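Asker: Quick one, what's the 3D model for this:
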Amino acid sequence: MDLTDLDLHKPLIAAVNGHCLGGGLELALQCDLRISSSSASFGLPEAAVGSIPAVSGLHRLMRAIPAAPAMQMALTGQRIDAHQALTIGLISERLDSHQALLARAMELAERIAQQAPLAIQALQTLSRSTAHLSDRDAQRLTELYWGILRDTEDRIEGRQAFAEKRVPHYKGR
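Answerer: The predicted structure follows:
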């Protein structure tokens, strides 16, 4: 399943506990944030069964981590542990237990929910749209989105709240 087809406007957090192999890794790679417990393992074992990662798995993996470890994982079917995944940037955090993992995922979700919704949507769109663009085109698209957000109620509220040292109250407008 390709989550990008769903046109989701909420950030997705993959909280990985246990094996994250094949389609599971492909699903996790479609999320905006990936965190895991220390017992997690990651891999693309498809070549061992005469196949390749389906839902743009290799492409997404090569965008997420350097090409050398991505190709090693794909060509050898090698699994990596959570420590290695953190080291190469496949995940952003490694937690000691399943309970700590779920608590951290909720903490991240709550923190994101406090941010300006239009800015979050713009950040998601830019992160997905600019990966294949030249630096110049990515900058132009970023400037376009900045211009769209510049006069929104949320941006004005955010700047006022910052100046007044208070919590902003965003409306998504």
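Asker: Strands of the chain, start to end?
Answerer: For the chain, the strands defined by DSSP state E cover 13-16, 19-21, 33-37, 41-43, 80-81, 93-95.
Asker: Ok, which of those strands comes nearest Ser127?
Answerer: Ser127 lies closest, by CB to CB, to one member of the strands of the chain: strand 33-37, at 10.9 Å. Using the backbone N, CA and C atoms, a C-beta is placed for each residue, glycine as well.
Asker: now that closest one, how far from the chain's geometric center?
Answerer: A distance of 10 Å separates the centroid of the chain from that of strand 33-37, by CA atoms, centre = their mean, to the nearest Å.
Asker: average pLDDT for that strand?
Answerer: What strand 33-37 shows for mean pLDDT is 96.
Asker: Leaving out chain neighbours, which residue sits closest to Ser41?
Answerer: Distance criterion CB to CB, 6 or more residues apart in numbering; nearest residue to Ser41, sequence neighbours excluded, is Arg79 at 4.7 Å.
Asker: that older thread, so which of the strands of the chain is nearest Phe162?
Answerer: With respect to Phe162, and counting by CB to CB, the nearest of those is strand 33-37 at 24.4 Å.
Asker: what packs against that closest one?
Answerer: strand 13-16, helix 82-88, strand 93-95, helix 98-113 (3 or more CB pairs under 8 Å, 6 or more residues apart in numbering; DSSP states H and E).
Asker: Hey, what's the angle from the longest one to strand 33-37? Just curious.
Answerer: Taking axes from the mean of the first three to the mean of the last three CA atoms, to 10 degrees, one finds that helix 98-113 is oriented at 160 degrees with respect to strand 33-37.
Asker: Helix 98-113 packs against which elements?
Answerer: strand 13-16, strand 33-37, strand 93-95.
Asker: so how far is it off the chain centroid?
Answerer: Offset of helix 98-113 from its chain centre (CA atoms, centre = their mean): 14 Å.
Asker: Phi, psi for the residue in the chain sticking out farthest from the centre please.
Answerer: Distance from the C-alpha centroid of the chain peaks at Glu164, with 32.0 Å (CA atoms, centre = their mean). Backbone torsions of Glu164, given as degrees, to the nearest 10, read phi -90, psi 0.
Asker: How about the contacts made by it?
Answerer: By CB atoms under 8 Å, 6 or more residues apart in numbering, Glu164 lies in contact with nothing.
Asker: Distance check, it against Leu108.
Answerer: Per CB to CB, to the nearest Å, Glu164 is found 27 Å from Leu108.
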